[in-house]
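Asker: Model the following, please.
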Amino acid sequence: CDMSTVVKEDVEKGRNGWQHAAKMTRQAFLRVGTLAESANAANEIRDARLDAMEKRIGDLETRCHVLLNGLESEREDNARLTERVSALEKEHANFRNECETVVGGLEKQVLTMATETSQMKATTAKCARMEEIVKANEIALNAVAGSVD
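Answerer: Residues are numbered from 1 along each chain as shown. Here you go, the predicted structure:
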């Protein structure tokens, strides 16, 4: 083998290698481009998901604020109602005491009237007996006066 043949074979091998290197480089660049596109697509998907999550979180925050404001309003209403119930309970207790006082006074008046009525009946019965006595005396007087004539 002469040296020129060896060099020729080396050059041929190198040329074949470089031909494959260009193809391999092109494929590598295409692959890098595909990977970059995939990465970009993945980033876009991730960004879209993050945006959607941020929007949902914002919506949830808004709902939480609305619910918290509603809860605070309910607490204030409940406090007002509790105060009103307490005031009504006091009014009821006062009304009950007044009613008991009035009923007690009426009971005393009824007892007094019953006693007075009983006394009046006794007096009426005495008057009726006295009228009978007076009539009897009149009759007796008339009889005596008639016999005197």
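
Asker: what about residue 37, helix or strand, and which?
Answerer: Under DSSP states H and E, the secondary-structure element containing residue 37 is helix 3-148.

Asker: pLDDT of that helix, averaged?
Answerer: Mean pLDDT, taken over the full extent of helix 3-148, equals 90.

Asker: Centroid-nearest residue for the chain?
Answerer: Among the residues of the chain, the smallest C-alpha distance to the mean C-alpha position (CA atoms, centre = their mean) belongs to residue 74, namely 5.6 Å.

Asker: Please report the distance of that one from residue 61.
Answerer: Separation of residue 74 from residue 61 (CB to CB, to the nearest Å): 20 Å. Any C-beta I mention is one placed from the backbone N, CA and C, and that applies to glycine too.

Asker: swap in residue 100?
Answerer: Computed as CB to CB, the residue 100 to residue 61 distance reads 58 Å.

Asker: swap in residue 90?
Answerer: Relative to residue 61, residue 90 is positioned 43 Å away (criterion: CB to CB).

Asker: what do you get for residue 25?
Answerer: Relative to residue 61, residue 25 is positioned 52 Å away (CB to CB).

Asker: again with residue 123
Answerer: Applying CB to CB, one obtains 91 Å for the distance of residue 123 from residue 61.

Asker: go on, residue 76?
Answerer: Taking CB to CB as the measure, residue 76 falls 23 Å from residue 61.

Asker: so who does residue 38 touch?
Answerer: Contact criterion CB atoms under 8 Å, 6 or more residues apart in numbering gives no residues in contact with residue 38.

Asker: what's the answer for residue 102, then?
Answerer: Applying CB under 8 Å, 6+ apart as the definition, residue 102 turns out to have no contact partners.

Asker: What distance do you get for it to residue 110?
Answerer: Taken as CB to CB, the span from residue 102 to residue 110 is 12 Å.

Asker: and what of residue 146?
Answerer: When CB to CB is applied, the distance between residue 146 and residue 110 equals 53 Å.

Asker: got it, and residue 81?
Answerer: Spatial separation of residue 81 from residue 110 under the definition CB to CB is 41 Å.

Asker: next one: residue 127
Answerer: 25 Å.

Asker: Also residue 98?
Answerer: Distance check for residue 98 against residue 110: by CB to CB, it reads 19 Å.
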